[in-house]
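Colleague: 3D model of this:
(2 chains)
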Amino acid sequence: MIGAAWGMARNDLAVWLRSPAAIAAALLPALGMGVLVAVLTSSVGQQPVALVVQGQGPLAARMARIIRGDADAYLLEEMAAADAERAIGAQRVAAIIVVPEDFDAAAARADAAVDLYLNNVDIDLADDLRRSVTRSVAEFDAPQLGLLGELHGPSSGVLLPNPYRVAVAEHDPRDTNVSFLQYQVIPIVVLIVISVGVLGTALLTAGRRCCSSAPRAAGRWWWDACSGAR
Amino acid sequence: MSAWRLFRSSAGLEAAHLLGNRGFVALTALAAVSFLAMVSLFGLTGSYAPVALIDRDGGPLARRFIEALDGAHHSFALTYLSEEAAEAALGSGRLVGIITIPAGFSDAVAKGTTVPVDVRIDNVNVDLTNDMQRALPAAIVAFARQLQFPGTAVQMVEHDVWPRDTGYIPYLTVSALALDAMVIAGILGAMATAREWERRTVKLLRLSPASPAIVLAGKLSVAATVAAMALALALLVIEVGYGVVPIARWTTAFALLACVAIFTSVGAWLGALLKRTLAAVPLLFGLAMPFYVDSGALEPTRFDGDAIWALAHLSPVYYAVGVLEWAFHGLHVTPEPIWVDLLVLVVIAVVAVILTLGRLAKGATR
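Modeller: All right, here's what the predicted structure looks like:
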């Protein structure tokens, strides 16, 4: 009984391996899905942003350093104001962050601004940038509102006072740090298993119609017929 | 035979074929709506993360903080839950996180003390976690600004390129229309020409004194009309079901009809090239997702870098999304002007028609 099942399995594997179209039909959609996810990862992750630092003082430099430091949020490129304007017009960047010329003087008066020129083409992209720039700007007055502060500040028992009067004590239930692409690998593997399983089985059962009396006749004749020996 | 009569006869024959395949045509229309549902799923993942809120304070400033969380750039869908229910929901994957406002929050904040808000994030992947981590400071900043707390030196001032924000689902539904146009018009166009080989009537067509251009025009006009009806159904679902209305109705209608005509021509060429509906249909469905994703469907492709943007130019959907987002929402999502996008689509259609006629022409070898 087990021998017959084993023989059937070997035969089906041989038939499947001799069908490049079936293999391609099973694998190509899953591989295409992989490419699709890679593109999606690029879309949902960082956005290209131009940084224009016009202020020359130490506070402007500190603000620029905070923005540069948030590498998870932006694909940052520093440029002159005119180049940045051209870049946003040509859609090479999704936003321009400007640390203005009078930043230090204004910060001393508690009245400084960081300008965000945003291509708000849809709220998914625009909100990502609004959240990121707001966090960077908030870090200037409240360093614990940055990512490190959220993860290792109040949650580790270190609470620094800040003018916003609220801090975040983040506790993550998992130790892992899985990227979007890595996360999507598992559904792609599942898709390959389903494609190969469904298409392979469909091909083999449909192909067996030519020798549907085989199970009854059994034995060597069926094996030879299906494996091409007859 | 007059050209008009020939056109009508060809169109009548094609209509009869499609009427004989009513089930297939109905499924094609269903595909148009199902694509809309599919892209809506992308839209639902982009905002409003389900988050449990446990308010142990209940004071006025806690309520103001909750309002700030609610208004934090479409970040959270807040649900009030007990601690046990929230834990259970987070553990079973029904929540992205839990925000706990501690007892005494309002009093402490009113006195100028910094209060830590406890946040648990289901850090199942970096994208989800980052969204939550970035949204919390945005809510905190908005809270402090509303209450005009002193002591902050810097604030962000936003200047938007577009006068109003476009929601993610409204943005995606328009790109779904471009996908619909490609798949449905393409398949119906491919069926119209592939059938000539499948029924072995291509020889008759080649031997006939009738002009193949007029015969093709008759067939494709019917295919395009049926595709346009399927797209009209999808458009109706967008307007009535999603409440997304184009800013320029006639421009949108013209742009959609142009896309239908163009993709019907491309489909006709594929049908004539592959000679079998069973080969053309899976190919069009197979091409749909890569073309769609790399077309500016989710955001302007230019933001994804030079390589992906260059590749996008191979996808006719890229140009169609450019034209339709402009017609529907008034947005420019390609660096190229809209007239260039439209011109490229027209050139693709003209080349497709010429190549199709080449396959149907008397001198063709097979």
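
Colleague: Next up, phi/psi of the closest residue to B:Arg8 other than its chain neighbours, please.
Modeller: Excluding the flanking residues, the one nearest B:Arg8 by C-beta to C-beta, 6 or more residues apart in numbering or on different chains is B:Gly218, at 6.9 Å. C-betas here are computed from N, CA, C, even on glycine. As for B:Gly218, its main-chain torsions (degrees, to the nearest 10) stand at phi -60, psi -50.

Colleague: Around B:Gly218, how many other residues sit close by?
Modeller: For B:Gly218, the number of neighbouring residues by other C-beta atoms under 10 Å in any protein chain shown comes to 23.

Colleague: I figured it hits B:Ala15, correct?
Modeller: No: between B:Gly218 and B:Ala15 there is no contact under C-beta atoms under 8 Å: 9.5 Å.

Colleague: Going by contacts, tell me the helices and strands next to the helix or strand hosting B:Val215.
Modeller: Here B:Val215 sits within helix B:212-236, counting by DSSP states H and E. On a contact count with 3 or more C-beta pairs under 8 Å, 6 or more residues apart in numbering or on different chains; DSSP states H and E, helix B:212-236 meets helix B:3-20, helix B:22-45, helix B:168-180, helix B:186-198, helix B:202-207, helix B:249-274, helix B:338-360.

Colleague: Export those helices as TSV, with columns for distance to A:Gly34.
Modeller: Shown next, in TSV, are those (distance: least, C-beta to C-beta, whole Å):
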stretch	distance to A:Gly34
helix B:3-20	37
helix B:22-45	17
helix B:168-180	20
helix B:186-198	24
helix B:202-207	39
helix B:249-274	25
helix B:338-360	28
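
Colleague: Out of the ones you listed, which gets the lowest mean score?
Modeller: If the helices and strands packed on helix B:212-236 are sorted by mean pLDDT, helix B:22-45 sits at the bottom with a mean of 82.

Colleague: Compute the inter-axis angle for that one and helix B:3-20.
Modeller: Inter-element angle recorded for helix B:22-45 and helix B:3-20: 80 degrees (by axes from the mean of the first three to the mean of the last three C-alpha atoms, to 10 degrees).

Colleague: Now do the buried residues in helix B:22-45.
Modeller: For helix B:22-45, the neighbour count (16 or more other C-beta atoms under 10 Å in any protein chain shown) marks B:25, B:28-29, B:31-33, B:35-36, B:39-40, B:42-43 as buried.

Colleague: Check the residues you listed one by one and keep those near chain A.
Modeller: When C-beta under 8 Å from any C-beta of the partner chain is applied, the members of those adjacent to chain A are B:Gly43.

Colleague: Report the two of the buried residues of helix B:22-45 separated the most.
Modeller: Spanning the widest gap among those are B:Val25 and B:Gly43, at 28.2 Å by C-beta to C-beta.

Colleague: If you average the pLDDT over the host helix or strand of A:Asp12, what comes out?
Modeller: Remark: A:Asp12 resides in helix A:2-17, with elements defined by DSSP H and E. Average pLDDT, helix A:2-17: 82.

Colleague: In space, what's closest to B:Ala217 - neighbours in sequence excluded?
Modeller: B:Ala217 sits nearest to B:Phe7 (C-beta to C-beta, 6+ apart), 6.0 Å away.

Colleague: Confirm for me that that neighbour is in contact with B:Leu216.
Modeller: No: with contact defined as C-beta under 8 Å, B:Phe7 does not count as touching B:Leu216 (9.9 Å).

Colleague: Who has more neighbours out of these two?
Modeller: Legend: neighbour count by other C-beta under 10 Å for B:Phe7 and B:Leu216, higher for B:Leu216 (24 against 20).

Colleague: The longest helix along chain A close to chain B?
Modeller: The residue-count maximum for a helix in chain A (DSSP state H) belongs to helix A:180-207. Yes: using C-beta under 8 Å from any C-beta, we find that helix A:180-207 touches chain B at A:180, A:182-183.

Colleague: Who are the contact partners of A:Asp115?
Modeller: A:96-98, A:100, B:156-159 (C-beta atoms under 8 Å, 6 or more residues apart in numbering or on different chains).

Colleague: how about 6 Å then?
Modeller: A:Asp115 is in contact with A:98, B:157, counting by C-beta atoms under 6 Å, 6 or more residues apart in numbering or on different chains.

Colleague: Please confirm that it is located within a helix.
Modeller: No: checked against DSSP: H, G, I helix; E, B strand; the rest coil, A:Asp115 lies outside a helix; its state is strand.
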